[in-house]
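J.: Kindly generate the corresponding structure for this input.
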Amino acid sequence: MRLALYEPDIPPNLGTMIRLGACLGVPIDVIEPCGFPWDDRDLKRAAMDYGPLAEVRRHGCWESFLTEKPGDARVVLLTTKAALPFTDFAFQPSDILLVGRESSGVPEAVHRRADARVTIPMQFPARSLNVALAAATVLSEALRQTNGFPGGFPGGK
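T.: As a prediction, this is how the structure comes out:
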């Protein structure tokens, strides 16, 4: 399981997802260009000291991401433009969960290239969740379905 961000434009969201990946052992793919410098202070603040614990791979563009991703990996796009709720989707351990830019999502070409599109059902008139919350919500279900959560936890049994 991997989490991919398409051209993120809000540093704290990327930092939060880096921390999420570090905590859950899920590699992060960042598809550039980002809407901020990589060494942004807000990014570092949100990632806290979890940055070194995370596996982060940066890709110069969408095409290089597609070329570098594992061949058997499905790209599962989280989008408000899907009809299929994420809870009705059968995730696989090799899936890559893709989230779009906070300001504009992903272009139509990326929508077309995704192997699957899922949405988070929500109450009207709400339109969308914060991208980091959406990623955490769907990633949790994907890890639950594939038994992909880390094995133990500090102080646990």
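
J.: pLDDT value on residue 47, please?
T.: On pLDDT, residue 47 comes in at 66.

J.: do the same with residue 127
T.: pLDDT, residue 127: 87.

J.: low-confidence ranges in this protein?
T.: 40, 42-43, 45-47, 152-157 (pLDDT under 70).

J.: try it again with 80
T.: The chain contains residues with pLDDT under 80 at 36-48, 50, 151-157.

J.: Quick one: residues contacting residue 51.
T.: Residue 51 is in contact with 18, 22, 44, counting by CB atoms under 8 Å, 6 or more residues apart in numbering. Every C-beta, even on glycine, is put in place using the N, C-alpha and C of the backbone.

J.: Kindly indicate whether it is helix, strand or coil.
T.: Three-state assignment for residue 51 (DSSP: H, G, I helix; E, B strand; the rest coil): helix.

J.: For it, give its distance to residue 22.
T.: For residue 51, the distance to residue 22 equals 8 Å [CB to CB, to the nearest Å].

J.: wait, what's in contact with the spatially most central residue of the chain?
T.: Geometric centre of the chain, nearest residue: residue 3, 3.5 Å, by CA atoms, centre = their mean. Contacts here follow CB under 8 Å, 6+ apart; on that basis residue 3 touches 17, 20-21, 26-29, 96-97, 99, 135, 139.
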